[in-house]
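> structure, please.
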Amino acid sequence: MDRLNLTMLTDFYELTMANGYFNSGLTDKIAYFDMFFRKVPDNGGYAIMAGVEQLIEYLNNLKFSDEDIDYLRSKKMFSEEFLDYLKNFKFSCDVWAVPEGTPIFPNEPVVTVRGPVIQAQFIETMVLLTINHQSLIATKANRIVRAARGRTVMEFGSRRAQGYDGAIYGARAAYIGGCVGTACTIAEREFGIPAMGTMAHSWVQMFPDELEAFRTYANMYPDNCVLLVDTYDVLKSGVPNAIKAFNEVLIPKGYRPKGIRIDSGDVTYLSKQARKMLDEAGFPDCQIVASNSLDEFTIRDILVQGAKIDSFGVGERLITSSSEPVFGGVYKLVAIEDNGQIIPKIKISENVEKITNPAFKQVWRFFDKESGKAIADLLTLHGEVINENEPYELFDPEYTWKRKTVTNYRVKKLLVKIFDKGMCVYKSPSLKEIQEYCKAQTETLWDEVTRFENPHKYYVDLSKPLWDIKDKLLKEYSDYKNIAK
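Here you go, the predicted structure:
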């Protein structure tokens, strides 16, 4: 991404609004925008934050080329003064984001942008595009990895991804979610994600017979020999020929087979039978890898049925999150500044779930000190302070009589500053560190929150000062409606 100028990857209305702001004298007006999402994909209990590093790369390279300016001039709808502004454009916003790998929940800011309204508004498309896509895939991968119950999961979806960026950044997000590697070679070169793979059915078909194909492969890769056994018949041909190749090629050379892969058929039945055959042949250490249109539900079910699978290769249903392929993050104005004073703004809707939380905010996560488990998240005004030594009353912002006083807790601020006046002030962790952080943070959630069906609702509450502001704005809007009538 840092080698490609993506400045013009924006919705056209961002430019028409920018031109309007400029010619209305609002160029330097300070605005605050939040990115948040309203619903966890697949009706899950939580999502995984991802894409921050690519957002940083985009913001670091935000500039309009001469070709961009010429194109906009050709539209004949932008003033020359505005085009001159774009030609000398320099990003100068403050940006906060939740670190990658953090479990996130609906209606809490995961990115906050403060700065001149033209700039803060203009980056909307790429903020959403970057965070929505990778958070979607990281969330799906995390679900699939949890379904595998400690067995390794490999991302095999490049050929079914929506475009090459979908494959490359999808592999990155899948690794954050817990996958151990990817079939996407360029993802290893770019991000250090282990590239993995064995053979296709075409390899087997290219030889006079299956056994010869297996012998040849075993000779070439004796220290990493995984054979695809379902080209013709898994139990009558594939596994017996794999065992022959192991005995004839690998054992005389002092190597042990790494595994076999089953890519079709009733994986539960075939894996059980294959396990017996391999064990009886003296290869209890030979792993069985399963692929073929898998997702978290299929994996969960075949393991419940006793499938003898050691590792999973998951493709299209992971890389596209085919069960729910839209993350649904939105980017909304929440405040402006007037003479240095922050003025909260709210979006009202007949759909209650679309009413926004106003003001410049911080997100806090409460953890129980004894169990280490997350209790709830709390949205506060950005300057609020929480004293861990004092009890704190949490209340549901919709059903305000639902209240809980927490004690013996610790709190953590989730929004971390990544840009200060346009300068990056955040050092991204390594991808491996992000993956490990994701695993550790996911384990702070109660099992009831992480289950696939009907997960327990994790509460995202508002502080009393923030709730008061929202309530005041809602009442003002209600009074306005009554006057208008």
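> domains of the chain?
12-137+325-484, 151-319 (automatic domain parsing).
> identify whichever of the ones you listed lies nearest to residue 145.
The minimum distance between residue 145 and these falls on domain 151-319, with 3.4 Å, by CB to CB. C-beta coordinates here come from the backbone N, C-alpha and C atoms, glycine included.
> pull the distance from that closest one to the chain's centre.
In terms of CA atoms, centre = their mean, to the nearest Å, the centre of domain 151-319 is set 25 Å apart from its chain centre.
> now do stretch 22-42
That offset, for stretch 22-42, works out to 21 Å (CA atoms, centre = their mean).
> now do stretch 396-405
30 Å.
> got it, and stretch 115-123?
How far stretch 115-123 lies from its chain's middle: 24 Å, per CA atoms, centre = their mean.
> what do you get for stretch 414-422?
With CA atoms, centre = their mean, you get 19 Å for stretch 414-422.
> got it, and stretch 415-435?
For stretch 415-435, the distance to the chain centre is 16 Å (CA atoms, centre = their mean).
> and that stretch, what's buried?
415, 418-419, 422, 426, 428-429, 431, 434-435 (16 or more other CB atoms under 10 Å).
> out of these, which are inside strands?
With DSSP state E as the criterion, strands contain 418-419 from among these.
> restricted to helices, list the buried residues of stretch 415-435.
Counting by DSSP state H, the part of these found in helices is 431, 434-435.
> out of the residues you listed, which is nearest to residue 342?
Residue 342 lies nearest to residue 434 out of those, by CB to CB, at 32.1 Å.
> show me which residues of the longest helix along the chain are buried.
In the chain, ranked by residue count with DSSP H as the criterion, the top helix is helix 124-147. Residues 124-147 are the ones in helix 124-147 that count as buried (16+ other CB under 10 Å).
> list just the nearest of the ones in helices among the buried residues of stretch 415-435 to residue 471.
residue 434 (37.9 Å).
> that closest one and residue 101 touch, don't they?
Yes - counting by CB atoms under 8 Å, residue 434 touches residue 101, with 4.5 Å between them.
> what's the overlap in contacts for the two?
residue 176 (CB atoms under 8 Å, 6 or more residues apart in numbering).
> next, the distance between the ends of stretch 71-79.
Distance across stretch 71-79, first residue to last, is 13 Å (CA to CA, to the nearest Å).
> pull out the buried residues from that stretch.
72, 78.
> heads up, I number from 617, so please use that
Renumbered: residue one is now 617, and that last one reads stretch 687-695.
> that stretch - what's its average pLDDT?
Across stretch 687-695, pLDDT averages out at 96.
> and residue 965, what's its pLDDT?
87.
> what about residue 673, how many residues nearby?
Neighbour count for residue 673, taken as other CB atoms under 10 Å: 17.
> correction: the previous question concerned residue 682.
Neighbours of residue 682 using other CB under 10 Å come to 8.
> and stretch 623-639, average pLDDT?
Per-residue pLDDT values across stretch 623-639 average out to 97.
> and for residue 816, the neighbour number?
12.
> apart from its chain neighbours, what residue comes closest to it?
residue 844 (7.3 Å; CB to CB, 6 or more residues apart in numbering).
> distance of that neighbour from residue 812?
For residue 844, the distance to residue 812 equals 13 Å [CB to CB, to the nearest Å].
> just the domains of the chain: most buried one?
domain 767-935 (a mean of 19; mean count of other CB atoms under 10 Å).
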